[in-house]
Each structure stands twice: as structure tokens, then as C-alpha cells.
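Q: sharing a model that was predicted from the sequence below.
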Amino acid sequence: LIPLIDTELVLLAENRALFEQQHVRLLVSSVELNELASDKMKTFAFFTEHGIRTPRVYSEAEVQVEPLAFPLLIKPRRGSSSQGVTKIHSRRELDFFKDYIPEAMIQEYVTGEEYTVDVMLDFQGTIKAIVPRLRMETRAGEVSKGVTRRDAAVIRAVRQAVSVL
């Protein structure tokens, strides 16, 4: 069974033994890895600790005392499909959305091309495929229009991240 929806991954990983009792093998990462990936603050800390470039996340203390360079990005610590992700243009917007978005995290706003990357590993953790897709258009946080690109820099970055994960 190859799951395709990220919101189900922790649940499936937690119940791997039940599937195996029915002779069904799940191609899913560990509970720990899925929990790390579903918590954006844990993901940020992990990437930072392992030297993987990622947009800066501001602590609550930094937000209060540092002069901030707008725009910023605010989003829920947990979630998917870009729900609650908001571009912030001013301190006033930041103060409003900080209270409005549950478990809000504030991140530097980065620009450029955005990719979604599918990575397939075998049961031994060997990478079998890395497929970068340029996100050209999204609807409700999901890619509605994209193009597959064999971008060597993206593939290298993803290979680095997967190797430490």
C-alpha cells in the first residue's frame, strides 16, 4: 500500500502491524519521521541542526523585540494543503493573524520557483526515484498545474535532506 495523502501517514505508520497481519506491506516512513514532518517547527529545528537550508523561523521573543523585514509568512505549525498560510505585510496584520491562526509560526518570506518533490524509497531506505515538479498553479493548496523538471540542484538538495532523514 502506497499512501498518497499526508494527513494519513502517522495513522498508517502507527498501525503498520495491523496491515502486516493481513499480509499488506505499507510503504510508509516511521511514526517518528512522519511526526517530524507533520510539525513544521520540528522540521525547521531538524533541518537547521543538520545544515539543511530552510527559511528562517522567528521565535515569539524575536517577533516582539526585533525589527522585522516584511513581508513575512505566517502559518499553522501543523496542517496541510496551505490552509492558514498567509503573507503578512505589516505589524498590524502580524498581530491579528498571530492570534487568529492556531499554533502560528512566523517565517521569513522567500520568493522564487516552488517545487513539489516526490521521493520513492524502497523498504531498505534506498532512494529509487526523485521527481521534482514545478508548481505553476495551486488550488486549495494542491498543485493543479505543474511540470516535471529534472533540476539537478533540486535533486541534490532533496537527496541531502533524505539522507539525514
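A: Happy to help now that I have it. Residues are numbered from 1 along each chain as shown.
Q: tell me the mean pLDDT for the strand ranked longest in the chain?
A: When the chain is parsed with DSSP state E, its longest strand is strand 127-139. Mean pLDDT, computed over strand 127-139, is 90.
Q: and stretch 92-105, by the same measure?
A: On average, stretch 92-105 scores 90.
Q: do the same with stretch 4-16
A: Taken as a whole, stretch 4-16 has an average pLDDT of 90.
Q: this protein: strands as residue ranges?
A: Along the chain, counting by DSSP E, strands occupy 57-58, 72-76, 86-88, 104-108, 115-121, 127-139, 142-148.
Q: ok, and for the last one, which residues are buried?
A: Going back to what we said before, that points to strand 142-148. Applying a neighbour-count criterion of 16 or more other C-beta atoms under 10 Å, one finds G146 buried in strand 142-148. Every C-beta, even on glycine, is put in place using the N, C-alpha and C of the backbone.
Q: try the second one
A: Neighbour counts using 16+ other C-beta under 10 Å place 72-75 of strand 72-76 among the buried residues.
Q: check the third one too.
A: For strand 86-88, the buried set under the neighbour-count rule, 16+ other C-beta under 10 Å, comprises 86, 88.
Q: for the record, mean pLDDT for stretch 150-161?
A: On average, stretch 150-161 scores 95.
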